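Undergrad: Here's a sequence, model it:
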Amino acid sequence: MISHPTLQQIYEQTTYATDEPPLSIRIRCLHPVLDDVLAWCQSRSWAFITAWNPGSRPLTISENQQRNTDLSKELKPWKVLHGRGIPDYGDWTPEESFLVLGISEEEAQSLGKDGAGCRSIWEFNQPARLIWCS
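TA: Down below sits the predicted model:
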């Protein structure tokens with residue numbers, strides 16, 4: 001019998017990546033390079049956020065890109081690095097995302113209520129953890 005992963009498992013088995021600086025973030029792992037980036041930006045927390053596929057319901061690429069463009073305008077108060085969530089499962093398309101530095105969990109949750117999906121959040125020198133914002 002073939003076992004299908006749950007959404008929780010899919011998100012936990014995803015690499016949350018940025019190009020510059022190159023970061024590969026995994027749930028339940030420490031990320032010393034990200035700690036260095038946070039220290040340099042004088043921040044203590046971050047969230048990895050996307051507006052793609054709200055509620056894990058697939059939308060077209062153009063719809064997703066427009067949603068992320070709209071989200072990027074809401075992220076102006078924070079330092080933002082462009083990234084993508086790259087699932088380990090081959091049938092899920094990577095989602096363009098944002099690594100938002102200095103955002104609190106409450107602020108990330110608030111953005112999630114407007115349709116952005118917060119996939120992971122982390123505080124300085126702590127393992128990344130998955131939270132559900134939408």
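Undergrad: drop to CA atoms for contacts and neighbour counts, all remaining ones
TA: OK.
Undergrad: now the helices for this protein?
TA: 7-12, 32-40, 61-74, 105-113 (DSSP state H).
Undergrad: could you give the angle of the third one to helix 105-113?
TA: Using axes from the mean of the first three to the mean of the last three Cα atoms, to 10 degrees, the interaxial angle of helix 61-74 with respect to helix 105-113 works out to 140 degrees.
Undergrad: all strands for the protein, in order.
TA: 14-18, 23-25, 45-50, 79-87, 95-101, 117-123 (DSSP state E).
Undergrad: List the neighbouring strands of the longest one plus their orientation.
TA: Paired neighbours of strand 79-87 in the sheet (DSSP bridges): strand 14-18 (antiparallel), strand 95-101 (antiparallel).
Undergrad: Of all the residues in that strand, which ones are buried?
TA: Val80, Leu81, His82, Gly83, Arg84, Gly85, Ile86, Pro87 (16 or more other Cα atoms under 10 Å).
Undergrad: picking up where we left off before, closest one to Glu20 among the helices of the chain?
TA: Across the helices of the chain, Glu20 has its closest neighbour in helix 32-40 (10.8 Å, Cα to Cα).
Undergrad: now the closest one, how far from the centre of its chain.
TA: How far helix 32-40 lies from its chain's middle: 17 Å, per Cα atoms, centre = their mean, to the nearest Å.
Undergrad: Of the buried residues of strand 79-87, which one scores lowest on pLDDT?
TA: pLDDT across the buried residues of strand 79-87 is at its lowest for Pro87, which sits at 88.
Undergrad: circling back to that earlier point, make CSV from the helices of the chain and add mean pLDDT, distance to Arg129 and mean neighbour count to it.
TA: Conversion of the helices of the chain to CSV gives the following (pLDDT from 0 to 100; distance: least, Cα to Cα, whole Å; neighbours: other Cα atoms under 10 Å):
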stretch, mean pLDDT, distance to Arg129, mean neighbour count
helix 7-12, 83, 8, 15
helix 32-40, 93, 14, 15
helix 61-74, 93, 22, 15
helix 105-113, 80, 11, 17
